[in-house]
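A.B. asks: The following block contains a protein sequence and its predicted model.
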Amino acid sequence: MNRRTRRQLLTLTALTGALTLGAGAASATAAPSWTETGTSYVNSLTGSQGLASRADGSLVRRGLASVPLDLRIAGWTHVGDPDVAGGYTFDAYQGGDDATKKMFAATAPDGKRTTYEHALDQGELLNNSFASVSPDGQWLVSGEWGTMSRLQVFPTPVLNASAPAPGANLPQAGQISLDKPVQNIQGCDFTDTTHLLCSSDDAAKEVLAVALDRPLDGKPVAGHVTTAFAVPQRSICSGTFETEGIDYDAARGTLRVAIVPPAPCLVTTAVIAYEQQ
């Protein structure tokens, strides 16, 4: 083997190694893809607003008829997409157009429900679309409506020692500032400490990925927004669909997204399941 051939082989080996390392780095940072695995259907009255997975794999569902009578009488007329953490079910409630507060309810495993109200801050909308608890249980993320460049963060009632007792105002902690506006977020769920998937009822009816620059700690944090995938719009009825709640079952690796078809088919909500590839 002459020196020229040896140099060519060494150069080729180096290039091959660099390409291999580059491919490995790209693979490590590439956004996950989601493959649809099936669709189930639920009664919209009890399952159109959202869902959350319990530790045993069973699901909590919320719909228009899921608001308990005592809360409805108290003026809490809408419940959003729920979450389950530490055995507790967390619900996001909102009142009418003149509301000056929003409310979160924490329901213990024994069924005892405790409510925590938050007085609207300057510029805050009354909408309370969802509740999503961080994997460490310490922070509760929620959202408003319309076009927003933030997600709200609160200390998780019951689970975070800094959260006030029931009856005291639940304050906002550091918000998630998004690097691009999002529209009509119906629900979010954590896939790990720095990543959320959020269902958006925008024109595209899509799931958005939000990557945080660090885990939530009660201080302001930045979030990078990308599109994960569009939610299928399938129905014998034609018209406008509405993307609703979202849930990620971390123990089983299952993502579920709810979407309501146009009238008159809207009496049944489709829940589409995915697995990460």
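C.D. replies: In hand now; what should we look at?

A.B. asks: Spell out the secondary structure type for residue 71.
C.D. replies: Three-state assignment for residue 71 (DSSP: H, G, I helix; E, B strand; the rest coil): helix.

A.B. asks: Which residues are in contact with it?
C.D. replies: For residue 71, the contacting residues are 93, 105, 115, by Cβ atoms under 8 Å, 6 or more residues apart in numbering. Heads up, the C-betas are built off the backbone N, CA and C, glycines and all.

A.B. asks: Now for residue 146: which residues touch it?
C.D. replies: 125, 127, 183, 184.

A.B. asks: For the residue sitting nearest the centre point of the chain, name its beta-bridge partners.
C.D. replies: In the chain, the residue lying closest to the centroid (Cα atoms, centre = their mean) is residue 188, at 0.9 Å. On the basis of DSSP bridges, residue 188 is bridged to residue 198.

A.B. asks: Quick check: it vs residue 142, distance?
C.D. replies: Using Cβ to Cβ, to the nearest Å, we find residue 188 at a distance of 8 Å from residue 142.

A.B. asks: Overlap in contacts, those two.
C.D. replies: Joint contacts of residue 188 and residue 142 (Cβ under 8 Å, 6+ apart) are 130, 132, 151.

A.B. asks: In the sheet, which residues pair with the second one? Tell me.
C.D. replies: In this case it means residue 132. Applying DSSP bridges to residue 132 gives these bridge partners: residue 141.

A.B. asks: Just list the residues touching it, thanks.
C.D. replies: 81, 83, 140, 141, 142, 187, 188, 189, 190, 196 are the contacts of residue 132 under Cβ under 8 Å, 6+ apart.

A.B. asks: buried ones in stretch 34-45?
C.D. replies: 34, 42, 44 (16 or more other Cβ atoms under 10 Å).

A.B. asks: Which of the contacts of residue 146 are buried? Put it as a PyMOL command.
C.D. replies: Command for PyMOL, covering only those of these found buried under the criterion 16+ other Cβ under 10 Å:
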select buried, resi 125+127+184
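
A.B. asks: quick one: which of the contacts of residue 146 is nearest to residue 70?
C.D. replies: Proximity to residue 70 was ranked across the contacts of residue 146 by Cβ to Cβ; first place goes to residue 127, at 22.0 Å.

A.B. asks: Tell me the predicted confidence for residue 277.
C.D. replies: Per-residue pLDDT puts residue 277 at 83.

A.B. asks: thought it was touching residue 34?
C.D. replies: Yes - between residue 277 and residue 34 there is a contact at 7.0 Å, judged by Cβ atoms under 8 Å.

A.B. asks: what pairs with the helix or strand harbouring residue 270, and is each one parallel or antiparallel?
C.D. replies: If you go by DSSP states H and E, residue 270 is part of strand 268-276. The pairing partners recorded for strand 268-276 under DSSP bridges are strand 34-43 (antiparallel), strand 254-260 (antiparallel).

A.B. asks: Could you point out which of those sits nearest residue 98?
C.D. replies: Short answer: strand 254-260, nearest of the strands paired with strand 268-276 by Cβ to Cβ, at 26.5 Å.
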